[in-house]
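Student: Generate coordinates for the sequence data below:
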Amino acid sequence: MTCMRAYRLFLPLLIVAAPGVGAQEAPPTGSVEGRVFAGDTTRRLSGAAVFVTGTRQGAITDSAGGFRIEGVPNGRREVEARQHGKAPSRVIVTVRKGEIVTVNFVLMPAVVTLARVEVIGSAADALARLPGAASIITPRTLSAQQPLSANEALRTVLGVHVQEEEGAGLRANIGIRGLDPDRSRTVLVLEDGVPVALAPYGEPEMYYSPPIDRMERVEVIKGSGSILFGPQTVGGVVNYVTADAPAAPSGMLQAQAGTGDSRLLKAGYGGTWGAVRGSVGAFQRRANDLNGLRFRVTDATGKVGFRTGMGNLGVKLSVYDEESNATYVGLTDSIFRASPYVHPAPADRLDLRRVAVTASHEVGIGSTTLLRTSLYGYETTRNWSRRDYAYSRSGNNYEFGSTAGSRNRSFDVVGLEPRLHSSWSVGGVRSDVDAGVRLHYERARDKHINGPANSPPTEVRDDEVRTGRALAAFVQNRFFVTPALHFTPGLRFERFEFDRNILRMRVARSDGVTTTRLPEDVDIRSRDAVSEVIPGLGAAWTPSASASVFAGVHRGFAPPRTKDALVYGNHTLTADEHVPDPVSLDLDAERSWNYELGTRLSPSRFLSIEATAFFLDFSNQIVTASLSSGATVQGSFANQGATHHRGLEAGITFDAGKFLNQSYSLSATVGYTFVDARFSKSRRLLGASGDTVDIEGNRLPYAPRHRSSGAVTFEHPGGAIVRVDGTYVSEQFADNFETLAGSANGRVGLIPAYRIFDASARFPVPGISRLSLTASVKNVLGATYIASRRPEGIKPGLPRLANVGVIWGR
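Tutor: Presented below is the predicted three-dimensional model:
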């Protein structure tokens, strides 16, 4: 990206967001002083850290527990005191020029921390501290929205495009800023800071999606703050944060029923007992006829934490089990027009099971350093039986055969990650540093087994093992240059070594007259490695507690999939010829430079505004041609080469209740995203007619130029909540050639724009404590639309669904 392009892209936003920056004088300041006490003994605490959040001002308490912070900018400021083993305490103070504000802190013993890592955090200034664009889907939003899946919740986030697949949200297809949403491959998805993809390095597909039913909130980072997490740093980070155990013992129950014989049953209990804190929860969500879709999802999670003399220990165990008749087969054009909600392959079957364990240890080193070590491991089994079929001559229909193929895969992942956070200063400049390393191992066993459609498969057609070993190291330091200005450089190193061992495959052999391609037992293998240094730099200027401007640039990186980088060639062998090993294609990692510039404004307590301009410059974007992306041959790939993604995200929230000084809240939120994602250099591909076509300047598939979302939420102090959501997605293409006409089989053609509206409500039952009635309607207007044309035809969007329920204890 040239300087002139960056100038033209970002200058308008700078003019709007930061008028008169160069003319700013040093802001007036005051001082904050006081003492810190231990709440359990009332003794004075020495060595406690006290600082003004969002600035470089801070102090360490002396032997008498006293502190004094000078040069604090005028206005309302949050001051925080913390010490390891104690719960942090925060106080809002008003600082005036030349005056001294006195405030005392009482730090109570810390509640045991359970196993989770946050990528943004929950402090009042968490977003303001980030040197890049980020969003938080809060517990309040999730409670009001009552989403069926994370897909529905993520539609409210600026810059995020979610592609539906089967309607129930069982599979996540998330794209950020024009990146391909197929199986969320370009997005790093975490749960409590731990990767959840099948194999995060070698096969980052999201066949398993963390259920929104057990999440407290969702964090999304799109800017340079993602340098602390990996391996993917291309599209951003989505972190699902599970609910922590309550401080006092309590439980909850929930029941829900609705369209398609759908049901939800959920229960949970947790609390704190001395030095032990824990919780357990389970739910089952199912539907027997959601327009032909049958599924049953059962999930159970337990957490326990202990406070010891050597720090806090936490363990989390989760078990997920899914059975469904989900299918890759989509509708043809004629079938969609006649009956858009018919299930084309009701006999297909997907069994998905996942067991995950995370253990964490957290210990303080002095008063300003925290070391957290996470050990994680999980096993995922994905067995998918899909009946064989062929299209009719016209392509308007299909005929199912008497055979089926089972794609059975299992994945084992284990990793260790110590992560250090510390505050330090040199030359009067305060800094916060985050650093760590990660050791990671993953193994995949992939089988394709054929057999009769109505019987267990017996013929192993393909069998292979893929392994990967990764080492990552990262460091990021936030320098507080002035009270309002900080710079955050970061660096990440990734090294990934991978192997592919093919044990059985179809081998082409010729006797000179005929050629056969039959399965054979083999033992062929190959290996390769990729390394990358990933730099990033962010800056944030916060002239007041209600305004901030941020800018960032970082390197985007995603390692190639193992089965794309190590391939078996198109060989035809003689009868006795040895099968050669796979070869490495020396496939480069996916690389980009990502730029952004934005602002967050809260000019009043009832109004907030955010806007971000961005530019993604890909030198080597790889779009994998897997079955889920609509390819006809698995194992091939498409190196899309150079692409440019430029756009703008903007959102505004206005609360009429606060504006009118009422006890209720009546808030309206509107968000808009513009993305122009195109092939930026000459590239010729073979078109459907057999001719080669230069696609330079064409828009990328599944990258709508316009997305908007809005919500109106009414919250009564008595507990009643009513919310209406709306989403608009503009037209998008389903292939690289910008094909407008829909094909007969439904796989190619324009995806028209669509609008959907949802409504939800929750009302407390009078006279019964903690009991509420809930109701929701998804796609209120019953819009019929094409959500996708892949993997293998038209996938309709979610039909109108209604649910009613009851919830106690939350």
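Student: For the residue nearest to the spatial centre of the chain, name its beta-bridge partners.
Tutor: Centroid-nearest residue in the chain, with CA atoms, centre = their mean: residue 238, separated by 2.1 Å. Following DSSP bridges, residue 238 is listed with bridge partners residue 189, residue 220.
Student: Kindly report the same for residue 51.
Tutor: Beta-bridge partners for residue 51, by DSSP bridges, are residue 58, residue 80.
Student: Show the contacting residues for it.
Tutor: When contacts are counted by CB atoms under 8 Å, 6 or more residues apart in numbering, residue 51 touches 57-59, 69, 79-80, 423, 430. Glycine gets a C-beta too; all of them are placed from N, C-alpha and C.
Student: ok, back up a step: and the residue nearest to the centre of the chain, how far from residue 704?
Tutor: Distance, residue 238 to residue 704, using CB to CB, to the nearest Å: 19 Å.
Student: can I see the domain layout of this structure?
Tutor: Per automatic domain parsing, the domain ranges recorded for the chain read 24-107, 134-239, 240-808.
Student: from those, which stretch is densest packed?
Tutor: Greatest average neighbour count among those goes to domain 134-239 (a mean of 24), per mean count of other CB atoms under 10 Å.
Student: Run the chain-centre distance for that one.
Tutor: 2 Å (CA atoms, centre = their mean, to the nearest Å).
Student: related to what we said a few turns ago, any chance of the domains of the chain in a markdown table, with mean pLDDT too?
Tutor: Listed next are those as a markdown table, based on pLDDT from 0 to 100:
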| stretch | mean pLDDT |
| --- | --- |
| domain 24-107 | 82 |
| domain 134-239 | 91 |
| domain 240-808 | 91 |
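Student: Residue 269 falls within a helix, correct?
Tutor: No - Residue 269 sits outside any helix when classified using DSSP: H, G, I helix; E, B strand; the rest coil, being strand.
Student: re the thing from before, residue 723: which of the contacts of residue 51 is nearest?
Tutor: residue 80 (32.5 Å; CB to CB).
Student: Make sure that closest one is actually in contact with residue 90.
Tutor: Yes - look at residue 80 against residue 90 with CB atoms under 8 Å: they come within range, at 4.7 Å.
Student: which residues pair with residue 548 across the strands?
Tutor: Counting by DSSP bridges, the residues bridging with residue 548 are residue 600.
Student: dump the residue contacts of it.
Tutor: Residue 548 is in contact with 128, 540-542, 599-601, counting by CB under 8 Å, 6+ apart.
Student: could you pull out the strands for the stretch 401-550 of the chain?
Tutor: For the stretch 401-550 of the chain, the strands defined by DSSP state E, counting those that start in this stretch occupy 429-452, 459-480, 485-510, 515-544, 547-558.
Student: cool, the stretch 601-750 of the chain as well?
Tutor: Per DSSP E, counting those that start in this stretch, the stretch 601-750 of the chain carries strands over the ranges 607-624, 637-655, 665-679, 684-686, 692-694, 706-715, 721-729.
Student: Name every strand pairing with the next helix or strand after the last one and say which way it goes.
Tutor: Past strand 721-729, heading to the C-terminal end, the next element that is a helix or strand (DSSP states H and E) is strand 754-764. Strand 754-764 has these partner strands in its sheet, going by DSSP bridges: strand 721-729 (antiparallel), strand 771-778 (antiparallel).
Student: what's the closest of these to residue 185?
Tutor: Of all the strands paired with strand 754-764, strand 721-729 comes closest under CB to CB, at 20.2 Å.
Student: Tell me how far that closest one lies from the chain's centre.
Tutor: Distance, centroid of strand 721-729 to centroid of chain: 21 Å (CA atoms, centre = their mean).
Student: Then stretch 548-555?
Tutor: 20 Å.
Student: before we move on, what about stretch 723-743?
Tutor: For stretch 723-743, the distance to the chain centre is 22 Å (CA atoms, centre = their mean).
Student: Ok, stretch 309-325 next?
Tutor: How far stretch 309-325 lies from its chain's middle: 19 Å, per CA atoms, centre = their mean.
Student: On the three-state scheme, residue 152 is what?
Tutor: With three-state DSSP as the basis, residue 152 sits in helix.
Student: Please tell me I have it right and it contacts residue 142.
Tutor: No - applying CB under 8 Å, one finds residue 152 not in contact with residue 142, separated by 10.0 Å.
Student: got any residues that touch both of the two?
Tutor: The contact sets of residue 152 and residue 142 overlap at residue 212 (CB under 8 Å, 6+ apart).
Student: if we can go back for a sec, max pairwise distance over the contacts of residue 548: which two?
Tutor: The widest separation within the contacts of residue 548 (CB to CB) is 13.4 Å, between 540 and 601.
Student: Tell me where the stretch 251-400 of the chain has strands.
Tutor: With DSSP E, counting those that start in this stretch as the criterion, the stretch 251-400 of the chain has strands spanning 262-273, 276-290, 293-308, 311-324, 349-365, 369-391, 398-426.
Student: Dump the ones you listed into a markdown table; add distance to residue 331 as well.
Tutor: Listed next are these as a markdown table, based on distance: least, CB to CB, whole Å:
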| stretch | distance to residue 331 |
| --- | --- |
| strand 262-273 | 22 |
| strand 276-290 | 16 |
| strand 293-308 | 13 |
| strand 311-324 | 18 |
| strand 349-365 | 19 |
| strand 369-391 | 12 |
| strand 398-426 | 10 |
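Student: Run through the bridge partners of residue 254.
Tutor: Going by DSSP bridges, residue 254 is paired in beta bridges with residue 266, residue 807.
Student: Would you check that residue 776 makes contact with residue 761?
Tutor: Yes - under the criterion of CB under 8 Å, residue 776 makes contact with residue 761 at 7.4 Å.
Student: residue contacts, residue 355?
Tutor: Residue 355 sits next to 317-320, 378-379 when contact means CB under 8 Å, 6+ apart.
Student: try 7 Å
Tutor: Contacts for residue 355 (CB atoms under 7 Å, 6 or more residues apart in numbering) come out as 319, 378-379.
Student: before we move on, what about residue 214?
Tutor: Counting by CB under 7 Å, 6+ apart, residue 214 touches 242-243, 281, 283, 299, 301.
Student: For residue 47, see how far away the residue lying closest to residue 719 once chain neighbours are set aside is.
Tutor: Nearest residue to residue 719, sequence neighbours excluded (CB to CB, 6 or more residues apart in numbering): residue 764, at 4.0 Å. Here the criterion is CB to CB. By it, residue 764 lies 46 Å from residue 47.
Student: And for residue 175?
Tutor: 47 Å.
Student: Mind listing residues that contact stretch 364-380?
Tutor: 47-49, 60, 83-85, 117, 194, 198, 208, 354-363, 411-424.
Student: Mind doing that once more with 6 Å?
Tutor: Identification of contacts with stretch 364-380 by CB atoms under 6 Å, 6 or more residues apart in numbering yields 47-49, 83-84, 194, 198, 354-363, 411-423.
Student: how about residue 184, phi and psi?
Tutor: Dihedral pair for residue 184: phi 60, psi 30, per degrees, to the nearest 10.
Student: Tell me which residues touch it, please.
Tutor: By CB under 6 Å, 6+ apart, the contact set of residue 184 is 172, 174, 206.
Student: for residue 464, same thing?
Tutor: Residue 464 is in contact with 446, 502-503, counting by CB under 6 Å, 6+ apart.
Student: Would you mind measuring from it to residue 379?
Tutor: Distance of residue 464 to residue 379, computed by CB to CB: 18 Å.
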